[in-house]
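Q: Structure for this input, please:
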Amino acid sequence: MRHRPPLDHTGGRPTTAHDLQLASGIIDRSGVVDVLAPLLDAELGRHRTMTVRGALIACQVNALSRHQQAHLIDVARVINAMTDEQRASLGFTKHDPAQTYDRLDRLFLKLVAVLEAGHPGVSAKWVANAIANAAIAEEYRTTATVAVDGTDVETWGALHGDVASVDLDGDASATQLIDAPARTKVPKRRAKVFGRGSDGRNVYTVDCDARAGHRSATNSRPAGPYVGYELHLAVQARDIRWTNYVDKVTLSEEAPGLITCFSLDPAGTHRGRAIVDDLIAAKQAELALDAVVWDPGYSLCTPDTTQYKLAAAGISTTFQAVTHQRLPRPFGHGQALLIDGQLYSPHLPEELRDLAMPPRGASDAEKAAYEAKFNQRARWRLVRHAGADADGATRWRCTFCAGMLRTRAFPKTMRRPATVPLVAVDRHAEACCDGILTGMAAELPLWQPIPFGTTAWRLSMGRRQVVESANAALKGGFADLSRGFLRVFGKTKMTVLLGFTIAGYNLDRIRSFRAKQRALAAKPAPRPKRRSGTWRDLVSATIEAPETAPPDSG
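A: This is a model prediction of the structure:
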């Protein structure tokens, strides 16, 4: 029988009254204690010396500090470092520093068993998101847009073999843009397979929930496979207040990049099924959510798992279309052209139908040159005449009927103001259109509010940077979710512990946002430019000096 080496229960950071108040407020506002306590506390038997509420608050206190680690031993050290009065306020009785970790470990395992028992509405995801959202005050929920992205979280389980030899057997591998592996002459030792999980995928470690997946490159490591989980984050982003759908966008005021929703799933899990249902549930819970900005990792999934479900819930998407999604095709028996998910007039010039995106690393001047063509094409788009009905059908107006273009081929359009662009159209055309066009939801799976490739679209897509910042903060700025941050096995345990970390991150973001706002408020207002040529200047220049009385001649 293997014996565990002795643990060091000392060295915990003393808990301040402020930290205890913050952690207590988060746990109490989350409402998880009222649900979990009846499921964990038994009426018969010896009373527990560590309460559910106290254990959750201690976990949250540990997660408030930067560069913390989500280890139960660290939580035990936090409890041992508290004062007797603080422990008494949390309901801890008969405190024994040497027994703190064992008691916390037993309670945590019992909590995991309850969350995996399948009680209606009670799950690890619910507990973690409730705690993470409890750290967000309502005054900082200022937008209805979220940016979505995923980041890798390696398992603590050891891999027996070369990670490059694992099989990418998940659903996400079919939708990911995977780089070709680098050639190497070193022979690879085939990774050991412990068995197959209930999903039919290989299990490569003693962590039965971890799976093989692919992650993109960073500055510190190349792209390649890994074994673990993928953390999907939905981060609050700025709204679009107004746009001309071509080259101008007005964004809302700056908002803190708070994580409003997250999901931890085995690596290689279908990305659409991992986060889309959670976004829809957030909107159904009367949280403001009208738009999602994400990358091709999600938009490449089949529309029935992503775009269709979000659109049916009243949530629009902004994404970057890839090559096979951009093929021009006729629409509505030749009444329109479907290009890059957008409907355009059939009179669109040939040179504007198949446009190239700027290459990666292009300068601002090069991007502007490419975007000029997309901006020109955007004038030819069809305009929504009516939004989606109960069946998802939308109605569209011709670009000439909507007053966006004028041409001499259709004399009625020449009544438009001279500011409307004048274009050339084939004079053999008898009419600009055949009337209002109806498009079904299945025909427009890649539609975006702003035409793809335009300057306005680039500015809208730029809002996705907030989720990249959140990923960076969770990978080094606030915490480090690399291998070893979580030393537990199983999706349930890791999800619960991540809930405390993300709650601490949200508090950190709010604190940083408030400090920035105070700095901007304290900054002296710029001195207004002195104006010249005003009425006062003109009138004062004509005023003559007062005349003096003539001297007395007598």
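Q: just how off-centre is the lengthiest strand in the chain within its chain?
A: For the chain, the strand with the greatest residue count under DSSP state E is strand 224-237. Mean-position distance between strand 224-237 and its chain equals 10 Å (CA atoms, centre = their mean, to the nearest Å).
Q: right, and the helix or strand after the helix or strand in which F500 is found?
A: Per DSSP states H and E: F500 is located in helix 491-522. Counting by DSSP H and E, the element after helix 491-522 in chain order, helix or strand, is helix 535-542.
Q: Residues contacting that next one, please?
A: Applying CB atoms under 8 Å, 6 or more residues apart in numbering, helix 535-542 has no contact partners. The way it works is simple: take the backbone N, C-alpha and C, and place the C-beta from them, glycine included.
Q: rewinding a little: give me the buried positions along the next helix or strand after the longest strand of the chain.
A: Moving toward the C-terminus from strand 224-237, the next helix or strand (DSSP H and E) is strand 240-243. Within strand 240-243, the residues that count as buried by 16 or more other CB atoms under 10 Å are I240, T243.
Q: average pLDDT across strand 240-243?
A: The pLDDT scores in strand 240-243 average 96.
Q: Packing partners of that strand?
A: strand 249-251, helix 455-461 (3 or more CB pairs under 8 Å, 6 or more residues apart in numbering; DSSP states H and E).
Q: got these as TSV, with mean pLDDT columns?
A: Output for the helices and strands packed on strand 240-243, formatted as TSV (pLDDT from 0 to 100):
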stretch	mean pLDDT
strand 249-251	96
helix 455-461	96
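Q: out of those, nearest to R381?
A: helix 455-461 (11.7 Å; CB to CB).
Q: Need the residues that contact that closest one.
A: By CB under 8 Å, 6+ apart, helix 455-461 touches 240, 243-249, 251, 293, 318-320, 367-368, 371, 374-375, 378, 448-451.
Q: T438 sits in which helix or strand?
A: Per DSSP H and E, T438 falls inside strand 437-439.
Q: buried stuff in that strand?
A: L437, G439.
Q: Neighbouring strands - and their directions - for that strand?
A: With DSSP bridges as the test, strand 437-439 is paired with strand 394-397 (antiparallel).
Q: buried stuff in the helix holding F500?
A: 491-510, 513.
Q: got the angle between it and strand 224-237?
A: 50 degrees (axes from the mean of the first three to the mean of the last three CA atoms, to 10 degrees).
Q: Report the rounded mean pLDDT for helix 491-522.
A: 95.
Q: hmm, back to that, quick check: which of the helices and strands packed on strand 240-243 is nearest to L115?
A: Taking CB to CB, helix 455-461 is the member of these nearest to L115, at 37.2 Å.
Q: CA atoms of that closest one as PDB?
A: This file holds the C-alpha atoms of helix 455-461, laid out as PDB (Å, rounded to 0.1, in the frame of the first residue of the first chain):
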ATOM      1  CA  THR A 455     -13.600  48.300 -43.400                       C
ATOM      2  CA  ALA A 456     -16.700  48.200 -41.200                       C
ATOM      3  CA  TRP A 457     -16.500  44.400 -41.000                       C
ATOM      4  CA  ARG A 458     -12.800  44.600 -40.000                       C
ATOM      5  CA  LEU A 459     -13.600  47.100 -37.200                       C
ATOM      6  CA  SER A 460     -16.500  44.900 -36.000                       C
ATOM      7  CA  MET A 461     -14.300  41.800 -36.100                       C
END
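Q: Quick one: low-confidence residue ranges for the stretch 101-250 of the chain.
A: For the stretch 101-250 of the chain, the stretches flagged by pLDDT under 70 are 173-187.
Q: show me where it has strands.
A: Along the stretch 101-250 of the chain, counting by DSSP state E, counting those that start in this stretch, strands occupy 145-154, 195-196, 202-203, 211-215, 224-237, 240-243, 249-251.
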